[in-house]
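Visitor: Requesting a structural model of the entry that follows:
(chains A and B)
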There are 2 protein chains.
Amino acid sequence: MATSPMKTIGAGELRSSHLGDAVTLAGWVGRRRDHGGVIFVDLRDSTGIVQVVLNPEDAPAPEDVLHGLRSEYCIQVIGTVRPRPEGTVNDDLPTGAVEVVAETLRVLSPSRALPFQIDDRVEVDESLRLQYRYLDMRRPRMAENLRARSKAIGAMRRVMEREGFLEIETPTLIVSTPEGARDMLVPSRLRQGSFYALPQSPQLFKQLLMIGGVERYYQVAKCYRDEDFRADRQIEFTQLDFEGSFWGQEDVLSVLEEVVVEVVQELRGEKVALPLTRMTYAEALERYGTDKPDLRFGMEIVDLSEVFAATEFKVFSSVLGSSGCVRGINGGKLGLSRSGLDAFVSRAQELGAKGLVWMVVEEAGSLRSPIAKFLSDAELAAIKTALDGDVGDTLLIAADDARVVGKVLGQLRLDMGQPDDNDELAFAFIVDFPVFDVAEDGGLSPAHHPFTDPGDIETLVSSPEKSVSKAYDLVLNGAELGSGSVRIHDPEIQAKVFEVMNIPPEVAEARFGWFLEALRYGTPPHAGFAIGIDRMVSILRNEPNIREIIPFPKTQTGADPLTGAPGRVEEDQLFDLGIDIRPEVRAAWAEDAGQVEAEDPADA
Amino acid sequence: MATSPMKTIGAGELRSSHLGDAVTLAGWVGRRRDHGGVIFVDLRDSTGIVQVVLNPEDAPAPEDVLHGLRSEYCIQVIGTVRPRPEGTVNDDLPTGAVEVVAETLRVLSPSRALPFQIDDRVEVDESLRLQYRYLDMRRPRMAENLRARSKAIGAMRRVMEREGFLEIETPTLIVSTPEGARDMLVPSRLRQGSFYALPQSPQLFKQLLMIGGVERYYQVAKCYRDEDFRADRQIEFTQLDFEGSFWGQEDVLSVLEEVVVEVVQELRGEKVALPLTRMTYAEALERYGTDKPDLRFGMEIVDLSEVFAATEFKVFSSVLGSSGCVRGINGGKLGLSRSGLDAFVSRAQELGAKGLVWMVVEEAGSLRSPIAKFLSDAELAAIKTALDGDVGDTLLIAADDARVVGKVLGQLRLDMGQPDDNDELAFAFIVDFPVFDVAEDGGLSPAHHPFTDPGDIETLVSSPEKSVSKAYDLVLNGAELGSGSVRIHDPEIQAKVFEVMNIPPEVAEARFGWFLEALRYGTPPHAGFAIGIDRMVSILRNEPNIREIIPFPKTQTGADPLTGAPGRVEEDQLFDLGIDIRPEVRAAWAEDAGQVEAEDPADA
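Guide: Residues are numbered from 1 along each chain as shown, chains lettered A, B, ... in the order given. Got it, this is the predicted structure:
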């Protein structure tokens, strides 16, 4: 690490090659052993840990200072590197062959008694960790997470610079466009009654940059989304955002592959094989029941509708008769009892299925199932063949419309097969997303923002529900890392899309008029993408939650237990901004007065 | 540049080495010459310009398309590189030896008639430029400004990475701390009646990172300041923010020198000589009348109080008698008429002086001045010596308290001597800033944020007005590029500083309690800095205003003429946030209704 007069080398950098060197160390007191005589201290800094020997006979500091050392005191040690005595070498520590015998010890800052131990092996309540995040960061795991996040972003930037992208900042105080998630608002003081919005993404500005002739743009962009919190969301989050002109989907995916290779190499030291798996949205839904399939394991969904085309089993025949489907998965050798098998049925019902059929392949090759008696031998044989059933395998079959079957079997597949950790990595591109999501009642809602190229315009107009857009996602281990699309660059097509999306021209003009105007000045074809950095790093670091990757995250209700944000502000601040708090909100304060809020950061 | 099937090479990249190559170009139509026969088009993209030849006999496109080409149409050209005919080589253009003869021309997007020409030589009203920023960006100067900003940030990052700094994002939805400039507020939906603030700087969070053991942090940080706009300020701006532990002032300045060298090398191709000039605050005030001296020229302020110690000239003697001072500068050979010289007097009065004395050194060596007759020969001779007066030089003398004299002579010095451009670069560190600014009435106000190391604590308590803090600035050509300090790491000293700054303990606790608590857990000594990126790049690019460096800047009233931000929002959005617009603000809307706002982006 970079040195300074206060510290000539990192504690964790000391090796046998430094034997005899005079060094100045600075860091924090980790474990210490004080037997009244010689004191041994594990000195920890950002580079690692080394053992420091404080011998009162050398008088490195007054006795009361030596014996007053406590955990997490910040200290400086001037001393000499020497080999550890035989038999005390610690092979678990990179510095384990040496120790530093102190000539001078200075306490730079004492520490109060700690709210929790600085040790990864100790489980600490997350709200306490967030309240003392600055101590939590001293734990090796969190320290490594911060380094990993920095390294991942560095790797992304390397790819962007290699490929000639310009880093350009788009504004964060923008106009509010009532699309999708809620905007966070910032009242303007100079224009009272008007508000800025914080950006949900740099979408329109990066498109303006393309219109402006930039051709290759990127940004590590802070974005804001005022959603009701889910476990894996934060109101502010960071994405690698990029866009290119004279570009199509293949150009974007090829840059994405470079990013994936570089980041995985940086954080895991592994080489990702290219090309990445690619799958259409329709295929992902059919084989995995989801548009973010976890491809680390098989257990694919198999269509059994053919098998039951002429079945006499009413439950299946009536579903098939009303354009539903029958599909199944082979869960493998689960060895479950009857009650264990029945638990799948309850789980399926929770997920929205009317029911679920389980079957177990028995020694003799026959299928044990509550419904076996309703099926013909030919049907039973065909099920086994279709699902590749081996002795001991558990087969699960659902019948309903394709949406429900996909959701249920897709989730059961994850319940049964998804690995606990992310040691293995399975990236995939999902392409050919539909333009519209079809709701249960058949209603159409746009699957992406309205600037996405809808592909064939005639299909869009004649059969919008079948329309396939030039939108694509990057998926890792069952999580969506990001999404992108080819954008519309023709103002006529843009107008048509608004029309099909039921956005009347006057509304489109009011919301996006300035952007529609921009499209009319020689807009190049362009395409882009955004990767959620926190999500990607958390998976690569094997962390269950993005809060572990964010230096100062918020809880599920958007609070920061460390600083108390969000907080009350003074009345004259509000007055200057031309706003006031609604009377009923003030009344609610009064009721709450004196109440202490207890909060679990992971509360949904 | 990176290529794609839609574009195999950049227009500006073509050279004689490409002769005979089949190329696919894509970009915008610049100048075109259409004489009814062969059409010549300057095709422009992000790499530069090349001449394209469209010969109707080759039928690259239907005749109506060929002759319908207009400025800024976005086109694709497939063709062959050939030498320009003898006599038509353009040496001003890097591609001037070649041209591309088109086999195929496609119009990718037409363009409406432009609101202004895409040409640096045409002066365009700034509000029109901002309204059509995406067109403004196609002008070579703006395009180069965006590239320069990206390159400057890249250079800064290289230094940071080389020196082992981690890039860490601090939160942007934080708690409001009523210090210094106004916070911009963000109402919380999940905690109605509470607000986040947007950060004025990452100050306390970067200090928390130091407490957290990070040791080397940096960030290209977006910051917010709700000030009344000045010409060179924006409500959102970007700084290179860094901090180090076990660090003192010298460590910070040494990293800053590396940053300066790297950025200037990148943008100017010049090597900055090290070490950078260093000067104390007191010296800067005395010699240049300002804490951000422009060191590209001399014209230093010289103290003449000794010269007039026994003067009979009442104006001077009374000032000296009431602990004021008499100082002068030598403005050089200005060759001004009497009225030109008297104009200095008016200017000095504007600046707050009661008066100003001018003197011109005449051929014979005597001093011509309205007050010459009141001064002794010895005094006149001493003035000439002290100010190094040569024949023809104009000398300006002011007498008042040191603050006024410094302000007046410092400004006159700039008026007379400051170069019009930034071709020359004069960096300097200003160190040893006072802890307090002394107001005209003798009142003390903190010169820096209260976390700045106040140096000697006894001086702070006994003579706060003399107290010198460990704060330092980086100055370039008379502009402050940034500032930093060694921070307080001892909670006792922090408490003492609050006390001297008249912040009662309970107020300090209410505002900063969470931070004071953090200081108590083994805080390392630490120091840091923040450089205003827009300011630095604008000077290096010789731009008069940071708006020229910012892709999408706001006007002086915080408006964006392109998008209309800030704007009105829907009532239910406000309702969800628990706020309302004050009735008198709504009433003012009604009055304004129908009025059209005209605005100059540079209005103060």
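Visitor: what helix or strand does A:Gln265 sit in?
Guide: Following DSSP states H and E, one finds A:Gln265 within helix A:249-268.
Visitor: That helix: which residues count as buried?
Guide: For helix A:249-268, the buried set under the neighbour-count rule, 16 or more other CB atoms under 10 Å in any protein chain shown, comprises A:249, A:251-253, A:255-264, A:266-268. Where C-beta positions appear, they are placed from N, C-alpha and C, glycine not excepted.
Visitor: Summarise which helices and strands it is packed against.
Guide: In this structure, helix A:249-268 makes packing contacts with helix A:140-162, strand A:236-245, strand A:427-431, strand A:471-476, strand A:479-486, strand A:526-532, helix A:533-540, judged by 3 or more CB pairs under 8 Å, 6 or more residues apart in numbering or on different chains; DSSP states H and E.
Visitor: what would the ones you listed look like in JSON lines with distance to B:Ser462, mean pLDDT and mean neighbour count?
Guide: Shown next, in JSON lines, are the helices and strands packed on helix A:249-268 (distance: least, CB to CB, whole Å; pLDDT from 0 to 100; neighbours: other CB atoms under 10 Å in any protein chain shown):
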{"stretch": "helix A:140-162", "distance to B:Ser462": "42", "mean pLDDT": "97", "mean neighbour count": "19"}
{"stretch": "strand A:236-245", "distance to B:Ser462": "46", "mean pLDDT": "97", "mean neighbour count": "25"}
{"stretch": "strand A:427-431", "distance to B:Ser462": "66", "mean pLDDT": "98", "mean neighbour count": "21"}
{"stretch": "strand A:471-476", "distance to B:Ser462": "63", "mean pLDDT": "98", "mean neighbour count": "24"}
{"stretch": "strand A:479-486", "distance to B:Ser462": "60", "mean pLDDT": "97", "mean neighbour count": "21"}
{"stretch": "strand A:526-532", "distance to B:Ser462": "55", "mean pLDDT": "98", "mean neighbour count": "24"}
{"stretch": "helix A:533-540", "distance to B:Ser462": "51", "mean pLDDT": "97", "mean neighbour count": "24"}
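Visitor: In a markdown table: those, plus distance to chain B.
Guide: Below are the helices and strands packed on helix A:249-268 laid out as a markdown table (distance: least, CB to the nearest CB, whole Å):
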| stretch | distance to chain B |
| --- | --- |
| helix A:140-162 | 4 |
| strand A:236-245 | 6 |
| strand A:427-431 | 17 |
| strand A:471-476 | 16 |
| strand A:479-486 | 11 |
| strand A:526-532 | 10 |
| helix A:533-540 | 9 |
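Visitor: what does the stretch 1-150 of chain A put close to chain B?
Guide: Of all the residues in the stretch 1-150 of chain A, those in contact range of chain B (CB under 8 Å from any CB of the partner chain) are A:1-2, A:4-7, A:26-29, A:44-46, A:72-74, A:76, A:108-112, A:114, A:132-138, A:143, A:146-147, A:149-150.
Visitor: Among these, which are located in helices?
Guide: Using DSSP state H, the members of the residues of the stretch 1-150 of chain A next to chain B that fall in helices are A:133-136, A:143, A:146-147, A:149-150.
Visitor: can you tell me the distance between the two ends of stretch A:455-470?
Guide: The first and final residues of stretch A:455-470 sit 6 Å from each other (CA to CA, to the nearest Å).
Visitor: mean confidence score for the helix or strand containing A:Ser318?
Guide: Element membership for A:Ser318, per DSSP H and E: helix A:314-321. Mean pLDDT, helix A:314-321: 93.
Visitor: can you pull the buried residues of it?
Guide: Of the residues in helix A:314-321, those scored as buried under the neighbour-count criterion (16+ other CB under 10 Å) are A:315-317, A:319-320.
Visitor: Tell me which stretches of the stretch 201-350 of chain A form helices.
Guide: In chain order, the stretch 201-350 of chain A shows helices spanning A:203-211, A:249-268, A:281-288, A:314-321, A:338-350, with DSSP state H, counting those that start in this stretch as the criterion.
Visitor: Please give me every residue in contact with the one residue in the stretch 1-150 of chain A that gets nearest to chain B.
Guide: Ranked by CB to the nearest CB, the top residue of the stretch 1-150 of chain A for proximity to chain B is A:Met137, at 3.3 Å. Listed by CB atoms under 8 Å, 6 or more residues apart in numbering or on different chains, the contact partners of A:Met137 are A:143, A:146, A:551, B:209, B:212-214.
Visitor: Quickly find the element holding A:Arg129.
Guide: Taking DSSP H and E as the definition, A:Arg129 sits inside helix A:126-131.
Visitor: Low-confidence ranges, the stretch 1-150 of chain A, go.
Guide: Scanning the stretch 1-150 of chain A for pLDDT under 70 picks out the ranges A:1-2.
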